[in-house]
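> here are the coordinates; sequence isn't available:
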């Protein structure tokens, strides 16, 4: 028999993804009627219009109701942000390289004839394009940095779930109604009240639907389930939840509503095991079956995969594979600094092991106090080889936030938005993914600026790179701040804001600076290639004097063409140490340049009176960011990808195994990278075999924690990876075969033996 | 995955290309280092998980008096550094420099180098934090580490003073006093048991079985923590009879509770080609999981805990 969970999973992925225009049409319909009103009121009314009219459904077998679209995994659009990319790509959605969607001919016509003509010249993008100075645009077009979220909602935020779950909607409406009376001129309060009231009605629509479906349902079991959904929905439309089921249901309805409001990536889920724990306990106290509670949780996990983000083709290259950003962090510390691990933390991992879908993207917070059993459970889940959970380190992240002026208690409560961006849940509007800065591109430009400088020295190059970093950081800040204003002027989010402290106290939307913490997070990318390039450049040109600086540039321009070019490339790759092998001389280049970047970034502030904070992660951006950089002195060909992750070594250059990688990364000043970092490490399954393998992984994580790295994610090497290594040995040069008393790299084995290892690996997984 | 062992040698008379080195090895008890502050090694492998407790750094010493046909590190046997050419890495320069220090692609690679004790300690300490969290440490392997016993003693002593967990992997065929000095600095001695027939052991792998067994006995009585390791090599050691001989020898040593088994694997094969030597094990199949399991059970039935792969 197929279990409910398996069936829900199958149904979700049964059909091709489509694009639904419903949200856009309802939003636009309302917007046309509210000309002249304040933008925040217009947004509220438009969202309310969606909530009142959008088609809703409860799918077969669902225990948790709430679907953003009738068809599973449909993409929705927000032409109010940027109608242009949609127009441009309308015909390409079904065939583009990444993240494909079907769209009907009829919908295409509707877009062309109704939506686009209305939003043309009225969108946030128009504002941003008009405001961004040409000097910033110019730098962007050279791909020195990219400004994100200029075409969709800002997202990258976690709401204050305790406020939602511990008050109930009625009480929140009463609070806002009083505030509206006290401050009749405050548009934010009014707007928030409009959407909250619409939310209540929206939830009641589900109750009615469940009732109606129950009435017509022949299956007795299902009928009961639908009646239960109705009963729960009616209760939580007004009151605070009284058990785990109700809490999960309210949690999900609100998430759907947040999606309608801003269609943003990464409206993340925060510390689920913390804010849900009281409700889980209530259910246990009522003697509810823990197996049923686990099924509820697994259902919820599946739901998180129903929301996909339709991105532009270029954005999808940076953020491939629909990372919708339902990130959750488990465990960690509580307000008074004790371990926060509870039974629900473990259950969340267990439910994941059952579902094994990419969302929610679970992470575990480790610290010196972590419960060994939970650490073991974490290691066991990692061993499944899906990259989940990722690991975050309290021992560096809490102090990193203290350095940003966050209170001790708030710092202990940190979680993650998007992929790895660090945020204080329910209290931060952090624009955590506002820009990416291509450090390697800056190096390349600096090299060519010196092409005709016959007095060039390594030291002068190094100083000029620093100066250029400072110069372009400023431009990136200018661009980011215009995007910030764009969201304030065009896309306030009153519903979301009403769940972010201290917006209610301040009477302001998050986009106006209502939140307690107001960061802007910008990522410095390319440090591995930067270290490797400069170290090799220094060695081959200035120390060994094998080629002149000018000659080397010529070789790079020619993309290592010809015998001599190949010889130089081989030398650059093989004869000079690389970042990621725990060698100070090369690692310290990045230490210094990344610190320069960080210290420069943190000088600047944004229009919300918050500070810019640096991070270093790429998601999939190492591919497009590499595409715009020519050949570099680390032996990288023109257009080839950069090192992945953010802090990871360049592909195939980590020859000394994962401990050396961690040591290299630990030399960076990870305390400064308070917007988040990303480190991928590959593991071969044989190293994780049986209990002793699991212990060693847990011990490895403890060392990770002591080394003050922020983040690590494990990709378990599987048969496919090994086949790729056969095809492209240079990319996997560091893959070690770990057997007692034996030393060799995988790529150095004979084809036969490699095939044999591949067979065994496939068998193991 | 599978594993086998570190020890090496191949004292096979037919292996003519080795003869010169063999003679050297026969004639000298230990290759005396002129200085005990320098070692000749061929690799330092961090994050090793199968060579003792926890996460370990394994130092592979160069040189071995034995010539086990199954050796997985044949490049370790000769005491001399050797330059090899990895064809897959070669970019075929018009004029080959023929110099491992100059070769741009590192296709020409020198196996074996000398390292000062201070430098080696620095390298080992790089993973100290991982040793601490995992109960790991350093393991000296080879080659036969005891050929460089003086150095090993100095090194281990200094590491012990720093609180680092220490182990060696050895075939144990060495003068007892040298062995004891090194073993006394070890938290663990991974001690190989191979061919249990005196004559065959000498003929096949140039091993003095009586001395090996005597060393084991004496070390045991000096309270050295010994872990017997059994390379399970088809046609050489993987006979019930051979294993029984080991078990019967071990019977008198009550403190021995754990035995490691190292099933034969062929991961070393491509290295033979690299150093232009014939791989005698080419046509010999790796033992099946069933065969390994039978041996495992046999040993367990004698009251030992068995660790596959160490």
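Yep, that arrived. If you're wondering where the values come from, they're calculated on a predicted model, not measured in any experiment.

> any low-confidence regions in the stretch 301-450 of chain A?
Counting by pLDDT under 70, the stretch 301-450 of chain A shows low-confidence ranges at A:320-323.

> correction: chain B
B:1-35, B:310.

> what about the helices in it?
For chain B, the helices defined by DSSP state H occupy B:19-27, B:117-125, B:128-134, B:149-161, B:176-183, B:198-205, B:209-221, B:240-250, B:269-274, B:289-300.

> the second one and chain A, any residue contact?
No - judged by Cβ under 8 Å from any Cβ of the partner chain, helix B:117-125 and chain A are separated, with a smallest distance of 9.3 Å. From N, CA and C alone the C-beta is placed, and that goes for glycine too.

> buried ones in that helix?
Applying a neighbour-count criterion of 16 or more other Cβ atoms under 10 Å in any protein chain shown, the buried positions in helix B:117-125 are B:117, B:120, B:121, B:123, B:124.

> who in the stretch 451-600 of chain A is up against chain B?
So the stretch 451-600 of chain A meets chain B at A:563, A:566, A:567, A:568, A:570, A:571, A:574, A:575, A:582 (Cβ under 8 Å from any Cβ).

> what's across from residue A:364 in the sheet?
In this structure, residue A:364 bridges to residue A:330, residue A:391 when assessed by DSSP bridges.

> residue in the stretch 151-300 of chain B nearest to chain A?
Ranking the residues of the stretch 151-300 of chain B by distance to chain A (Cβ to the nearest Cβ) places residue B:270 first, at 4.3 Å.

> how about residues contacting stretch A:618-626?
Contacts made with stretch A:618-626 from outside it, assessed by Cβ atoms under 8 Å, 6 or more residues apart in numbering or on different chains, are listed as A:143, A:314, A:317-321, A:323, A:419, A:436, A:438, A:440-441, A:523, A:525-526, A:636, A:639-646, A:678.

> in it, what's buried?
For stretch A:618-626, burial by neighbour count (16+ other Cβ under 10 Å) applies to A:618, A:619, A:620, A:621, A:622, A:623, A:624, A:625, A:626.

> ok, back up a step: which one of the buried residues of helix B:117-125 is nearest to chain A?
Looking at the buried residues of helix B:117-125 and their distance to chain A, the nearest is residue B:123, at 9.3 Å (Cβ to the nearest Cβ).

> for that closest one, which non-adjacent residue is spatially closest?
Spatially, and ignoring its direct neighbours in sequence, residue B:123 is nearest to residue B:44 (5.4 Å; Cβ to Cβ, 6 or more residues apart in numbering or on different chains).

> contacts only, for the one you found.
Counting by Cβ under 8 Å, 6+ apart, residue B:44 makes contact with B:57, B:58, B:59, B:60, B:120, B:123, B:124.

> so the last one sits against residue B:59, correct?
Yes - distance between residue B:124 and residue B:59: 7.2 Å, which falls inside the contact criterion (Cβ atoms under 8 Å).

> tell me, what's touching the two both at once?
Here residue B:124 and residue B:59 have B:44, B:138 as joint contacts, going by Cβ under 8 Å, 6+ apart.

> and the gap between the nearest residue to residue A:503 once chain neighbours are set aside and chain B?
Here the nearest residue to residue A:503 in space, its sequence neighbours aside, is residue A:514; by Cβ to Cβ, 6+ apart that works out to 3.5 Å. Counting by Cβ to the nearest Cβ, to the nearest Å, the separation of residue A:514 from chain B is 43 Å.

> tell me the secondary structure for residue A:514?
coil (DSSP: H, G, I helix; E, B strand; the rest coil).

> ok, now how distant is it from residue A:176?
Counting by Cβ to Cβ, to the nearest Å, the gap between residue A:514 and residue A:176 amounts to 14 Å.

> dihedrals phi and psi, residue A:649?
Comment: the main-chain dihedrals of residue A:649 come out as phi -70, psi 160, following degrees, to the nearest 10.

> contacts only, for it.
With Cβ under 8 Å, 6+ apart, residue A:649 has these contacts: A:528, A:578, A:579, A:580, A:581, A:643, A:661, A:664.

> now do 7 Å
A:528, A:578, A:579, A:580, A:643, A:661, A:664 (Cβ atoms under 7 Å, 6 or more residues apart in numbering or on different chains).

> residue 115: neighbour count?
Since no chain was named, I'll use chain A. For residue A:115, the count of nearby residues is 22 (other Cβ atoms under 10 Å in any protein chain shown).

> please refer instead to chain B.
Residue B:115 is flanked by 18 other residues according to other Cβ under 10 Å.

> same question, residue A:584
Residues contacting residue A:584 under the criterion other Cβ under 10 Å number 12.

> over to residue A:592?
16.

> that one and residue B:211, how far apart?
Counting by Cβ to Cβ, the separation of residue A:592 from residue B:211 is 56 Å.

> list the contacts of residue 59.
No chain in the question, so chain A it is. Residue A:59 touches A:11, A:67, counting by Cβ under 7 Å, 6+ apart.

> correction: the question concerned chain B.
B:41, B:44, B:120, B:138, B:140, B:141.
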